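> Build me a model from this:
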Amino acid sequence: MNQNLWNVLQTILEKDSIGTTELALARENLSPEVFTALVEYLQDGLKAKENPWV
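Take a look at the predicted model:
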């Protein structure tokens, strides 16, 4: 696994929610392709739980 992705995931998992700060950190530390994949994954997870995407 990409070390930057792992670091971002660990940071996100430590939080109660994912907000703009966490997304900014992810965007800063990940390649555009990996960031896009992460956002899509998070959106799909929220849709599955029927939570609105922020």
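> biggest helix in the chain by residues?
Assignment by DSSP state H gives helix 32-48 as the longest helix of the chain.
> which of the residues in that helix are buried?
35, 38-39, 42 (16 or more other C-beta atoms under 10 Å). Quick note: C-beta positions are derived from backbone N, CA and C, even for glycine.
> tell me the contacts of Leu23?
Residues near Leu23 by C-beta atoms under 8 Å, 6 or more residues apart in numbering: Val39.
> What strand or helix carries it?
Assessed by DSSP states H and E, Leu23 sits inside helix 20-29.
> where are the low-confidence patches of the protein?
Within the chain, the ranges that satisfy pLDDT under 70 run 1, 46-54.
> circling back: now do the helix holding Leu23: distance to the chain's middle.
For helix 20-29, the gap between its own C-alpha mean and the chain's C-alpha mean amounts to 8 Å (C-alpha atoms, centre = their mean, to the nearest Å).
> got the angle between that helix and helix 32-48?
Here helix 20-29 runs at an angle of 150 degrees relative to helix 32-48 (axes from the mean of the first three to the mean of the last three C-alpha atoms, to 10 degrees).
> Okay, buried residues for helix 20-29 please.
Within helix 20-29, the residues scored as buried using 16+ other C-beta under 10 Å are 22-23, 26, 29.
> Please consider this matter closed, and thank you.
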